[in-house]
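K.L.:
missing the sequence, but the structure's below:
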């Protein structure tokens, strides 16, 4: 049946009941067995009375467990799966214990809080499930708080509350074992900021699987933030089966929306930007059409001659040599009188402070650059060492801090015009032996790991360092160059100048 037919059927069943008592029996039966009815009629979510929610509620109720439900942001997944789903689960089996896990505990508590308030204020819900829910839970329940969890009426006395809220990375417990492991928003923007954070979140998820019971239930729901995020690992390793719903019926930016109007969707995409929209609305952080840097824009050169170029050294230092941390990047770039940018040399490695100094001083002595730009956020920790080195070596040069208010994504976006115009040249090949003894081609690493993967790259250190050449405060300038006279026209002497014949004689 369609949603409209189903609503008509609800009304028919309730209106034709033989008295209030029979009506209450029907109402109770529908609430226990029909998730859409519970959400819209008992939990008073009339906003959820639409075809999208109807279809998703039916789908989820038919197969709630061992799925990773990745739905577009504002797709009612929390309302259906976490809010109504957990309430109905306890209505049908008060002995179940739910562990709600989110990235941080405060986020998990927000989901528990919604359920807590509903069980305290919804008298109709308590009436149809009086064998499970308390009339006055604040006074009657053994536990009833966001910190300790919620305990409903039950026969058993496990140490776990009926519902508890925990952080996955922040505040994961060690002792409880829940019948239901319920994951909601374990991946956020904060969990994908660095490769270390992605790995930490994934490890925490794997550890949390030990907090279930033998034969227990597992489910997760959320939205994507990065192609290598924890949800990606869950899918790749087959831990849960993905159930993915994007904002449009054909999964494209221009497709027909499921719930929003085309105008509302277009505004969301515009407000979010392509990267966030791809993740949050289309669950596809590797959408090829969103690649901001195109492979055909790349230009290569031999990088063996740099006469006539204004040379600059740029450094984006990492604060750690730890595996998984960002790399330290040095780039030597030359600006030509042809208004092009030429990458002459570059290094991407995990370096100690001494190794950074060795490279910086060696390059400065070898290339004699116009200026040196050093990322401000790493400069303070390094500059004292460099100054001491200058005193010891009796070799001094200026170092400019590069900062600015732009976010990294926006800084890198400034490279799009010069790349698209074919004005940035990178070395044809750049063999380099890195910290682990492995020799790699840094040109290939740049192209494959950063350029082609942008804006969804795991590392973007080389792109970010390269973008600093465009900082206005750094004031990199192109050389004037020599006067080129391909027709060998001389500069005329005023008294010899005839505009009709000048430059045409033998």
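P.N.:
Everything's here; your move. If you're wondering where the values come from, they're calculated on a predicted model, not measured in any experiment. Residues are numbered from 1 along each chain as shown.
K.L.:
hey, which helix or strand in this structure has the poorest pLDDT?
P.N.:
helix 408-413 (a mean of 81; mean pLDDT, DSSP states H and E).
K.L.:
domain assignment for the protein?
P.N.:
50-245, 295-474 (automatic domain parsing).
K.L.:
can you name the next helix or strand after the strand or helix carrying residue 14?
P.N.:
Taking DSSP states H and E as the definition, residue 14 sits inside helix 3-15. Downstream of helix 3-15, the first helix or strand assigned by DSSP H and E is helix 20-33.
K.L.:
give me the pLDDT for residue 269.
P.N.:
pLDDT recorded at residue 269 is 85.
K.L.:
what's it in contact with, if anything?
P.N.:
Residues counted as contacts of residue 269 (Cβ atoms under 8 Å, 6 or more residues apart in numbering) are 253, 277, 281. To be clear about C-beta, it is placed using only N, CA and C from the backbone, and glycine gets the same treatment.
K.L.:
is it true that the first one touches residue 272?
P.N.:
If I follow you right, that is residue 253. No - using Cβ atoms under 8 Å, residue 253 is not in contact with residue 272, being 11.0 Å away.
K.L.:
more neighbours: which of the two?
P.N.:
Taking other Cβ atoms under 10 Å, residue 253 and residue 272 do not tie; residue 253 has more neighbours (19 against 15).
K.L.:
can you tell me how far that one is from residue 262?
P.N.:
Counting by Cβ to Cβ, to the nearest Å, the gap from residue 253 to residue 262 is 11 Å.
K.L.:
just the strands from the stretch 251-400 of the chain, written as ranges.
P.N.:
Residue ranges of the strands in the stretch 251-400 of the chain, as given by DSSP state E, counting those that start in this stretch, are 299-301, 310-316, 328-335, 341-349, 371-375, 400-402.
K.L.:
now these in TSV, with mean neighbour count?
P.N.:
Shown next, in TSV, are the strands of the stretch 251-400 of the chain (neighbours: other Cβ atoms under 10 Å):
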stretch	mean neighbour count
strand 299-301	14
strand 310-316	23
strand 328-335	24
strand 341-349	23
strand 371-375	22
strand 400-402	18
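K.L.:
for residue 459, find the nearest of the ones you listed.
P.N.:
Nearest to residue 459 among those is strand 341-349; the distance by Cβ to Cβ comes to 8.1 Å.
K.L.:
ok so, going back, out of the contacts of residue 269, which is nearest to residue 433?
P.N.:
Nearest member of these to residue 433, counting by Cβ to Cβ, is residue 277, at 40.8 Å.
K.L.:
which one is the closest one nearest to, not counting chain neighbours?
P.N.:
Leaving aside its sequence neighbours, residue 277 sits nearest to residue 269 (Cβ to Cβ, 6 or more residues apart in numbering; 4.5 Å).
K.L.:
what is the mean pLDDT for stretch 80-96?
P.N.:
Mean per-residue pLDDT for stretch 80-96: 98.
K.L.:
which SS state does residue 101 fall under?
P.N.:
Of the three states, residue 101 takes strand under DSSP: H, G, I helix; E, B strand; the rest coil.
K.L.:
wait, it touches residue 170, no?
P.N.:
No - using Cβ under 8 Å, residue 101 is not in contact with residue 170, being 10.7 Å away.
K.L.:
neighbour count winner among these two?
P.N.:
Using other Cβ under 10 Å as the criterion, residue 101 and residue 170 rank with residue 101 on top: 29 against 14.
K.L.:
quick one: residues contacting the more buried one.
P.N.:
Applying Cβ under 8 Å, 6+ apart, the residues near residue 101 are 108, 166, 167, 168, 172, 181, 182, 183, 184, 186, 208.
K.L.:
distance of the last one from residue 296?
P.N.:
Looking back up the chat, that one is residue 208. Using Cβ to Cβ, residue 208 is found at 45 Å from residue 296.
K.L.:
so for those two, which residue has more residues nearby?
P.N.:
Using other Cβ under 10 Å as the criterion, residue 208 and residue 296 rank with residue 208 on top: 22 against 7.
K.L.:
what are the buried residues along stretch 408-424?
P.N.:
By 16 or more other Cβ atoms under 10 Å, the buried positions in stretch 408-424 come out as 411, 412, 413, 414, 415, 418, 419, 423, 424.
K.L.:
meant to ask about stretch 93-107, not that
P.N.:
Going by neighbour count (16+ other Cβ under 10 Å), the buried part of stretch 93-107 is 94, 96, 97, 98, 99, 100, 101, 102, 103, 104, 105, 107.
K.L.:
contacts only, for the third one.
P.N.:
Residues near residue 97 by Cβ under 8 Å, 6+ apart: 158, 160, 161, 162, 163, 164, 176, 178, 179, 180.
K.L.:
let's have these in a markdown table, adding pLDDT, distance to residue 235 and neighbour count.
P.N.:
What follows is these, written out as a markdown table (pLDDT from 0 to 100; distance: Cβ to Cβ, whole Å; neighbours: other Cβ atoms under 10 Å):
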| residue | pLDDT | distance to residue 235 | neighbour count |
| --- | --- | --- | --- |
| 158 | 96 | 32 | 15 |
| 160 | 98 | 29 | 21 |
| 161 | 98 | 31 | 23 |
| 162 | 98 | 30 | 27 |
| 163 | 98 | 27 | 27 |
| 164 | 98 | 27 | 25 |
| 176 | 95 | 27 | 17 |
| 178 | 98 | 23 | 27 |
| 179 | 98 | 24 | 19 |
| 180 | 98 | 21 | 23 |
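K.L.:
show me where pLDDT drops low in this structure?
P.N.:
In the predicted model, the chain carries pLDDT under 70 at residues 286-292, 319-326, 378, 404-405, 455-458, 481-506.
K.L.:
the residue most central in space within it and residue 152, how far apart?
P.N.:
With distances taken as Cα atoms, centre = their mean, the chain has residue 225 as the residue nearest its mean C-alpha position (3.1 Å). Distance, residue 225 to residue 152, by Cβ to Cβ: 34 Å.
K.L.:
swap in residue 188?
P.N.:
30 Å.
K.L.:
more neighbours, those two?
P.N.:
residue 152 (23 against 18).
K.L.:
please report phi then psi for the closest residue to the more buried one other than its chain neighbours.
P.N.:
Nearest residue to residue 152, sequence neighbours excluded (Cβ to Cβ, 6+ apart): residue 162, at 4.6 Å. With angles defined as degrees, to the nearest 10, residue 162 sits at phi -60, psi -40.
K.L.:
now do the lengthiest strand in the chain: which elements does it pack against?
P.N.:
Counting by DSSP state E, the longest strand found in the chain is strand 212-222. Packing contacts for strand 212-222, counted by 3 or more Cβ pairs under 8 Å, 6 or more residues apart in numbering; DSSP states H and E, involve strand 67-71, strand 178-184, helix 230-236.
K.L.:
measure residue 346 to residue 461 for me?
P.N.:
The gap separating residue 346 from residue 461 is 10 Å, by Cβ to Cβ.
K.L.:
would you convert the buried residues of stretch 408-424 into CSV that also reports distance to residue 72?
P.N.:
CSV is the format used below for those (distance: Cβ to Cβ, whole Å):
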residue, distance to residue 72
411, 29
412, 26
413, 25
414, 30
415, 30
418, 35
419, 31
423, 38
424, 36
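K.L.:
what's the farthest-apart pair in those residues?
P.N.:
Spanning the widest gap among the buried residues of stretch 408-424 are 411 and 423, at 17.5 Å by Cβ to Cβ.
K.L.:
so residue 217 makes contact with residue 99?
P.N.:
No - applying Cβ under 8 Å, one finds residue 217 not in contact with residue 99, separated by 10.7 Å.
K.L.:
who touches both of the two?
P.N.:
Residues touching both residue 217 and residue 99 (Cβ under 8 Å, 6+ apart) are 180, 181.
K.L.:
in the longest strand of the chain, what's buried?
P.N.:
By neighbour count with 16+ other Cβ under 10 Å, strand 212-222 contains the buried residues 212, 216, 217, 218, 219, 220, 221, 222.
K.L.:
lovely, talk soon.
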